[in-house]
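Q: make a model of this:
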Amino acid sequence: MMNMQKIVLKVPIYCDKCKTCIMKTIAKIDGIKSIAIDVEKSTLTLICDSDLVQIVKELKKAGKVAQVVSVGPEKEEKKDEKKDDKKKDEKKDYCKPLPPCCTACRPSYVVIYDEHPYGGCVIS
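A: Sure thing, here's the model as predicted:
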């Protein structure tokens, strides 16, 4: 059995359906101790003893492309979070670009043009 490790993956998360899909996919894998998703940063943080390749393959099967950000030991030293928070507050971008549309959540419409016998058209 492998040692517990912290894996951080960058996965596109555009909506709640994306988040649910990722959670369900990861929950099926053996050896997962903890799952954390940061929607704003589009990151998935796992504490597990599972194989990284298996995790990425399972996400790919679910239609989510994952990029490995970091792999390391389970516990890390705690930094001085107050200093980091002050830096983050100063660098906030108040005009964020819109996220790309999620193809899994985008409704599809079919427009059929049909000449109505009484003139005009019907969209169904």
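
Q: what does the longest helix along the chain contact?
A: Among the elements of the chain assigned as helix by DSSP state H, the one spanning the most residues is helix 16-27. The contact list for helix 16-27 (CB atoms under 8 Å, 6 or more residues apart in numbering) reads 11-13, 32, 35, 37, 39, 44, 46, 55, 58-59, 61-64, 102, 104-105. C-beta: built from backbone N, CA, C; applies to glycine.

Q: filter the residues you listed down to the buried ones, PyMOL style.
A: Burial among those is assessed by 16 or more other CB atoms under 10 Å; the matching PyMOL selection reads:
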select buried, resi 11+13+32+37+44+46+55+58+59+62+64
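
Q: now, the contacts of helix 16-27 that are in helices?
A: Among the contacts of helix 16-27, the members falling in helices are 55, 58, 59, 61 (criterion: DSSP H).

Q: could those go into TSV alongside distance to residue 74 and pLDDT?
A: Putting these into TSV (distance: CB to CB, whole Å; pLDDT from 0 to 100) gives the following:
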residue	distance to residue 74	pLDDT
55	15	92
58	21	92
59	21	91
61	26	90
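
Q: which of the residues in the longest helix of the chain are buried?
A: The neighbour-count check on helix 16-27 (16+ other CB under 10 Å) flags 18, 21, 22, 25, 26 as buried.

Q: check the gap between the last one and residue 7 for me.
A: With distances defined as CB to CB, to the nearest Å, the gap from residue 26 to residue 7 amounts to 10 Å.

Q: common neighbours of the two, please.
A: Taking CB under 8 Å, 6+ apart as the criterion, residue 26 and residue 7 both touch 46, 55.

Q: picking that back up, give me the lowest-pLDDT entry from the buried residues of helix 16-27.
A: Least confident entry in the buried residues of helix 16-27, by pLDDT: residue 18, with 87.

Q: would you mind writing the CA trace of the longest helix of the chain as CSV?
A: The C-alpha coordinates for helix 16-27 follow below in CSV (Å, rounded to 0.1, in the frame of the first residue of the first chain):
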residue,chain,number,x,y,z
ASP,A,16,-22.6,22.5,-10.2
LYS,A,17,-23.1,19.7,-12.7
CYS,A,18,-19.4,19.7,-13.4
LYS,A,19,-18.6,19.7,-9.7
THR,A,20,-21.1,16.8,-9.0
CYS,A,21,-19.6,14.8,-11.9
ILE,A,22,-16.1,15.2,-10.6
MET,A,23,-17.1,14.3,-7.0
LYS,A,24,-19.0,11.1,-8.2
THR,A,25,-16.1,10.0,-10.4
ILE,A,26,-13.5,10.5,-7.6
ALA,A,27,-15.7,8.9,-4.9
